[in-house]
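Asks: Structure, please.
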Amino acid sequence: MSSRSGSLILALGLSLPLSAMEALDDGALADVTGQAQGLRYTSEYDARIDSITYIDDDGLDGGPIGTLSLSPVRIYTQTNRPIQVDLEVKDVNGRKALVFTNRDLPVEVEIGSLAINGLSLGGFGQGNFNIGQGDVFVSTLYAGGHEGNGLTLDLDIPSSMSYDTYYENEGTRLTSTVDFGDPRDPSAGGLVLRDITFDIEGEGLRIGVPTTDGGNINFYNVRIGDDVLNSTAMRNISIQPGGYLLLKNAKGANEIGMEMDLLVTQDSSFDWVYITGPIDGTYPNANVFEMSANVRLLSDFNMKGLRMNVDGDRGLVFDFDQQNASHGVSANIGVSDFTLQRSDRVGQGAAPVSLGSLDVQMNLTNASYLQIQGH
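Replies: Below you'll find the model as predicted:
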């Protein structure tokens with residue numbers, strides 16, 4: 001891969017406080033308050049970028065040059081609502097760590113257009129971040145990764161945290177609210193992600209899949225305008241240790257592109273929930289229904305050799321080397337305890353009748369591909 005007009009920006013919305021590492025002039029130092037246990041960094045900003053373009057110089061297998069562009073891009077804080085980050089160096093479970101604590105995340109991200117070869121897919125954005133009074137979002141950074149030479153990151157997301165995401169095309173906006181709460185237990189919920197490792201290894205960048213046990217992610221009120229379509233949720237998320245994402249250079253000496261391997265380990269699981277009816281302050285209630293199932297990996301989810309290229313004719317293409325029989329995706333997925341129930345009756349002692357179960361043996365061969373184009 002190459003980039004001639006900029007580098008891609010990954011906006012997680014989870015405010016890893018990299019801006020706190022920038023050089024400070026006298027004016028900026030006025031926003032930094034020394035504390036007995038560390039520093040507090042206060043910042044407001046409005047960053048605007050006209051365009052960011054990634055250029056794939058050889059397309060797919062020597063095809064015409066392709067481009068992937070974002071324009072314009074704006075990342076900013078809401079007026080009179082600055083970010084505050086507390087920074088401490090402390091012992092965490094017997095290890096020295098940098099601990100970043102956020103009590104508010106008023107970051108807005110707007111991407112006017114994502115275009116492939118100049119053809120737009122529409123605009124994207126996220127914002128309206130909220131964290132409940134007294135709650136904090138904590139990022140903990142340790143020295144040493146998977147092999148000891150990298151970095152390790154832990155994230156503690158409170159149950160009260162939420163934000164909106166949107167997709168907009170030709171004046172129509174599709175919006176959803178990402179929420180981390182437990183609708184039946186306000187004291188529970190949240191998501192704790194452990195051991196996100198980053199290591200530069202012989203084959204490329206290895207990113208450890210985080211481990212977690214019992215977290216929630218809700219995608220509430222997927223809506224067009226004010227009309228709610230549905231909601232979905234992943235609850236009781238359990239990710240077993242040992243998984244990783246490996247980002248690699250293209251194999252051939254004259255090739256430009258990226259290859260990816262992904263491993264998610266056996267017995268990782270979550271409860272999938274499909275929800276009909278609007279989610280408001282009264283949910284769960286008699287007017288909202290849930291269909292749920294438990295999803296579990298009965299074997300490792302193993303993806304080998306997935307390639308990503310931008311081709312001038314075919315657009316953004318994800319595929320495999322058809323000459324390599326070991327490339328593809330394999331997994332055995334169990335889906336059990338399919339149930340349908342009124343939301344206010346879930347967990348109230350009336351066990352619903354199961355709709356059955358599924359055992360999925362998934363194998364995608366190296367002839368599989370996904371092609372995305374604008375229009």
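
Asks: excluding its backbone neighbours, what's nearest N236?
Replies: Leaving aside its sequence neighbours, N236 sits nearest to D271 (CB to CB, 6 or more residues apart in numbering; 4.8 Å). Every C-beta, even on glycine, is put in place using the N, C-alpha and C of the backbone.

Asks: now that neighbour: how far from G214?
Replies: As judged by CB to CB, to the nearest Å, D271 and G214 stand 10 Å apart.

Asks: again, but for S269
Replies: Computed with CB to CB, the distance linking S269 and G214 is 11 Å.

Asks: Between these two, which is the more surrounded one?
Replies: Between S269 and G214, counting by other CB atoms under 10 Å, S269 is the more crowded of the two (19 against 15).

Asks: and that one, what are its bridge partners?
Replies: S238, R296 (DSSP bridges).

Asks: how about it, what does it touch?
Replies: S269 makes contact with N236, I237, S238, N294, V295, R296, L297, according to CB atoms under 8 Å, 6 or more residues apart in numbering.

Asks: Could you give the number of residues near the last one?
Replies: Which is L297. For L297, the neighbour count with other CB under 10 Å is 19.

Asks: That one touches D267, doesn't it?
Replies: Yes. Counting by CB atoms under 8 Å, D267 is a contact partner of L297 at 6.3 Å.

Asks: could you give the mean pLDDT of stretch 290-298?
Replies: The pLDDT scores in stretch 290-298 average 97.

Asks: what comes up buried for it?
Replies: For stretch 290-298, burial by neighbour count (16 or more other CB atoms under 10 Å) applies to E290, M291, S292, A293, N294, V295, R296, L297.

Asks: helix/strand/coil for the spatially closest residue to the third one that is not a sequence neighbour?
Replies: To tie it back to what came earlier, the one meant is S292. Nearest non-adjacent residue to S292, counting by CB to CB, 6+ apart: V273, 4.5 Å away. Classification of V273 by DSSP: H, G, I helix; E, B strand; the rest coil places it in strand.

Asks: State the helix or strand in which G148 lies.
Replies: Using DSSP states H and E, G148 sits in no helix or strand.

Asks: if we can go back for a sec, so can I have TSV of the buried residues of stretch 290-298 showing distance to Q361?
Replies: Formatted as TSV, those follow (distance: CB to CB, whole Å):
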residue	distance to Q361
E290	28
M291	24
S292	23
A293	18
N294	18
V295	15
R296	14
L297	12
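
Asks: Can you tell me which of the residues you listed is nearest I157?
Replies: If you rank those by distance to I157 using CB to CB, V295 comes first, at 21.0 Å.

Asks: that older thread, can you get me a residue count around the residue nearest to S292?
Replies: Residues contacting V273 under the criterion other CB under 10 Å number 22.

Asks: in the longest strand belonging to the chain, what counts as buried?
Replies: Scanning the chain for the strand with the most residues, using DSSP state E, yields strand 328-342. For strand 328-342, a neighbour-count test (16+ other CB under 10 Å) marks G328, V329, A331, N332, I333, G334, F338, T339, Q341, R342 as buried.
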